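In: Requesting a structural model of the entry that follows:
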Amino acid sequence: MAGPRRIGLLVLCSATLGTALWLMAGKPQGEPALLPQSATEAVQAQHAQHQPPTKGSDSYQYRHPSGRKFNPSQVYDPMPPPPQPAPNGVREFTLVLEEDVPHEVAPGVEMPAWTINGTVPGPVLRATEGDLLRITLVNKGKVPHTIHFHGIHPSHADGVFELVPPGGSFTYEFVAQPYGIMPYHCHAMPTSQHIHNGLYGMLIIDPKEGRPPMRELAMVMSAFDVDRDGEADFYTWNGRAFQYADNPIPLKLGEPVRMYVMNIFEEAMVPHIHGNLYRLFPSGTTLTPTEYTDVKTLSIAERAILEFQYDYPGPYMFQCHVTEHMELGLMGWFDVVEEKQIISQHRTD
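Out: Next up is the predicted model:
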């Protein structure tokens, strides 16, 4: 049975080699042989998916933006709530889930998102290790939802079995532990739809002894499939592509910065800062950095704390180092200036 198949393969290989030799024989020495038109088209079609993306890059890549911009009032505030004691050791939050809320994912590009308290991502929640968390989900949508919190807690607070019906509510109660960055997201099926539509956020749990005071930023990396074809159209910091290119984040010269970073999309993302390196605390569950670097790959639901400071003034890009992600929105600018310049700007605004 193997004989005819082997003969067929030999015939095919011989024919292919003969065609290639025939094509090269008629060419002057030193000129490359040309593939038949059909073969050229086949190769182009095979590699079409590797053509470089262009959407968005002409307006934003490698320079401060001009022309179209996000309204500053729409920009997701990157500053998390400050650490503070919980009243009587109890921290209470209410999360209202809504569907099909108009969301401008990129300048001039709107989609119906699913939101938590009106935003994508949802609000940054903050507690101290050992606090009793009491978090109420209010479902104003048309389908059941839940909230699943990463971390250590009892089964009844895991947010998988308790499907909250439209118009219903449910209160999760558990002790905040361990310290670190903990994602939260809807876990109703199909979970991919609920997360990709916008139902996710960040929970910061501070160690009891606290961390050194710094300027803090909370940055969630995600993506949006606007035309629902199964491929991401925009990649975003905190739910909007290019929003921190349109509205650079001001930093003071020499100011220590702590950036809480989380990837909630199902592709690896690589937070990178320009002109600098950061000390890396994986998951935020340690007080000792494990690396001093400027890139770190974070897979789905991975997170880290990045600590750094800038000693030279000027604009610096921060981005995902997956270049397609950067070109489609996952980039922005730090504007590093001396403190007296920031004070002067505030006086003139």
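
In: got a pLDDT number for the closest residue to Lys296 other than its chain neighbours?
Out: Here the nearest residue to Lys296 in space, its sequence neighbours aside, is Leu280; by C-beta to C-beta, 6 or more residues apart in numbering that works out to 5.7 Å. No exception for glycine: its C-beta is placed from N, CA and C like everyone else's. If you check Leu280, the pLDDT there is 98.

In: So what touches the host helix or strand of Leu280?
Out: The secondary structure element spanning Leu280 is strand 278-282 (assigned by DSSP states H and E). Residues outside strand 278-282 that contact it (C-beta atoms under 8 Å, 6 or more residues apart in numbering) are 259, 287-294, 296, 302, 304-308.

In: Report the buried residues of that strand.
Out: Residues of strand 278-282 classed as buried by neighbour count (16 or more other C-beta atoms under 10 Å): Tyr278, Leu280, Phe281, Pro282.

In: How much space separates the residue most central in space within the chain from Pro85?
Out: Centroid-nearest residue in the chain: Met221, 1.2 Å away (criterion: C-alpha atoms, centre = their mean). Between Met221 and Pro85 the distance, using C-beta to C-beta, to the nearest Å, works out to 31 Å.

In: Could you do Asp246 as well?
Out: The span separating Asp246 from Pro85 equals 36 Å under the rule C-beta to C-beta.

In: The two: which is more packed in?
Out: Counted by other C-beta atoms under 10 Å, Asp246 and Pro85 do not tie: Asp246 has more neighbours, with 24 against 9.

In: Identify the residues contacting that one.
Out: Neighbour list for Asp246: Pro65, Lys69, Phe70, Val75, Pro107 [criterion: C-beta under 8 Å, 6+ apart].

In: all helices of the stretch 1-150 of the chain, in order?
Out: With DSSP state H, counting those that start in this stretch applied, the stretch 1-150 of the chain shows helices at 2-25, 37-46, 57-60, listed in chain order.

In: by contact count, what packs against the strand or helix carrying Tyr172?
Out: Secondary structure here is read from DSSP H and E; on that basis Tyr172 sits in strand 169-175. Of the remaining helices and strands, those touching strand 169-175 by 3 or more C-beta pairs under 8 Å, 6 or more residues apart in numbering; DSSP states H and E are strand 132-139.

In: contacting residues around the strand it packs on?
Out: Strand 132-139 is touched from outside by 86, 89-97, 125, 127, 145-147, 149, 164-176, with contacts defined as C-beta under 8 Å, 6+ apart.

In: In PyMOL, select just the buried ones from the residues you listed.
Out: Paste this into PyMOL to select the buried members of the contacts of strand 132-139, with burial taken from 16+ other C-beta under 10 Å:
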select buried, resi 86+91+93+95+96+97+125+127+145+146+147+149+164+170+172+174+175+176
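
In: that older thread, dig out what the residue nearest to Lys296 forms beta bridges with.
Out: As for beta bridges, Leu280 partners with Glu291, Leu306 under DSSP bridges.

In: Got the confidence number for the nearest residue to Gln309 once chain neighbours are set aside?
Out: Across the structure, with C-beta to C-beta, 6+ apart as the measure, the residue nearest Gln309 apart from its sequence neighbours is Pro256 (4.9 Å). According to the per-residue confidence, Pro256 scores 98 in pLDDT.

In: Adjacent strands (with direction) for the longest strand anywhere in the chain?
Out: Assignment by DSSP state E gives strand 90-106 as the longest strand of the chain. Sheet pairing here is set by DSSP bridges, and for strand 90-106 it gives strand 109-116 (antiparallel), strand 132-139 (parallel).

In: Among the ones you listed, which comes closest to Glu339?
Out: Using C-beta to C-beta as the measure, strand 109-116 is the one of those that comes nearest Glu339, at 35.0 Å.

In: Give me the mean pLDDT for that closest one.
Out: 94.

In: picking up where we left off before, any idea how far Pro212 is from the residue nearest to the centre of the chain?
Out: 25 Å.

In: The nearest residue to Glu110 once chain neighbours are set aside and Met221, how far apart?
Out: Distances taken as C-beta to C-beta, 6+ apart place Glu104 nearest to Glu110, at 5.1 Å, with adjacent residues excluded. Between Glu104 and Met221 the distance is 18 Å, computed by C-beta to C-beta.

In: go on, Phe265?
Out: Spatial separation of Phe265 from Met221 under the definition C-beta to C-beta is 7 Å.

In: got any residues that touch both of these two?
Out: Here Phe265 and Met221 share the contacting residues Tyr235, scored by C-beta under 8 Å, 6+ apart.

In: Sheet partners, orientation included, of whichever strand or helix holds Ala223?
Out: For Ala223, the enclosing helix or strand under DSSP H and E is strand 215-224. Its sheet considered, strand 215-224 pairs with strand 234-237 (antiparallel), strand 257-263 (parallel) by DSSP bridges.

In: so which of those gets nearest His156?
Out: Evaluated with C-beta to C-beta, those place strand 257-263 nearest to His156, the distance being 25.2 Å.

In: and Gly230, how many neighbours does it have?
Out: 6.

In: Likewise for the one 5 residues further on?
Out: Tyr235 has 27 neighbouring residues, counting by other C-beta under 10 Å.
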